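In: Return atomic coordinates for the entry below.
(one chain, ligands or ions: 3)
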Amino acid sequence: MRDNREYDVLRSYDKHDKCGLVWIPRVVAYRCRTCGISPCMSICRDCFHRGDHSTHDFNMFLSQAGGACDCGDNSVMKEDGFCSNHGNKCPRPGTAPADLKCVAEAMMPRLILRLLQHFRENR
Ligand SMILES: [Zn+2]
Ligand SMILES: [Zn+2]
Ligand SMILES: [Zn+2]
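Out: Ligands and ions are numbered 1, 2, ... in the order given. Take a look at the predicted model:
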């Protein structure tokens, strides 16, 4: 559980539409030779499944030293291999804060209405 929270923190620092997920040793990761420009590219399980690599020349490996996800980094892998959440296919960086803001904005009028009703009922 502790590790998951650390991943979230690392992800929230991502400013370039890259996954950048950092994993600890002995975690399963994926490498796609069809998408990889560099032979040391590696992507996390989430990005592998979100991207379409099913017909590619990929392999799953147990990361011995730990590593980081290269999804969204076009210096290491082709843009075709980026998953739906990263790289140019995702025009909105920082999706989560924006969504939260939208929710807050949508909630505000309702909260105010409810407060007004509350005051009327108590009069
Ligand atoms: Zn990833
Ligand atoms: Zn990704
Ligand atoms: Zn691929």
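In: This protein: strands as residue ranges?
Out: 22-23, 27-32, 58-63, 67-68 (DSSP state E).
In: Relative to Arg123, which of these is closest?
Out: strand 22-23 (56.9 Å; C-beta to C-beta). No exception for glycine: its C-beta is placed from N, CA and C like everyone else's.
In: Provide the strand pairings for the closest one, with the direction of each partner.
Out: strand 67-68 (antiparallel) (DSSP bridges).
In: average pLDDT across the partner strand?
Out: Averaged across strand 67-68, the pLDDT comes to 94.
In: With stretch 46-61 instead?
Out: 94.
In: returning to that earlier point: mean neighbour count for the strands of the chain - can I get that in CSV?
Out: Converted to CSV, those look like this (neighbours: other C-beta atoms under 10 Å):
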stretch, mean neighbour count
strand 22-23, 17
strand 27-32, 19
strand 58-63, 13
strand 67-68, 20
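In: So which of the ones you listed is nearest Phe82?
Out: Nearest of these (C-beta to C-beta): strand 27-32, 10.9 Å.
In: how about the residue nearest to the spatial centre of the chain, what does it touch?
Out: Centroid-nearest residue in the chain: Cys19, 5.3 Å away (criterion: C-alpha atoms, centre = their mean). Contacts for Cys19 (C-beta atoms under 8 Å, 6 or more residues apart in numbering) come out as Arg11, Ile43, Cys44, Asp46, Cys47, Cys69, Asp70, Cys71, Gly72, Cys83, Asn85, His86.
In: Make sure the fourth one is actually in contact with Ser84.
Out: No - with the criterion set as C-beta atoms under 8 Å, Asp46 and Ser84 do not qualify as a contacting pair; they are 10.6 Å apart.
In: Have a look at those two and say which one is more surrounded.
Out: More crowded of Asp46 and Ser84, by other C-beta atoms under 10 Å: Asp46, with 15 against 11.
In: I'd like the distance between the more buried one and Ser63.
Out: For Asp46, the distance to Ser63 equals 14 Å [C-beta to C-beta, to the nearest Å].
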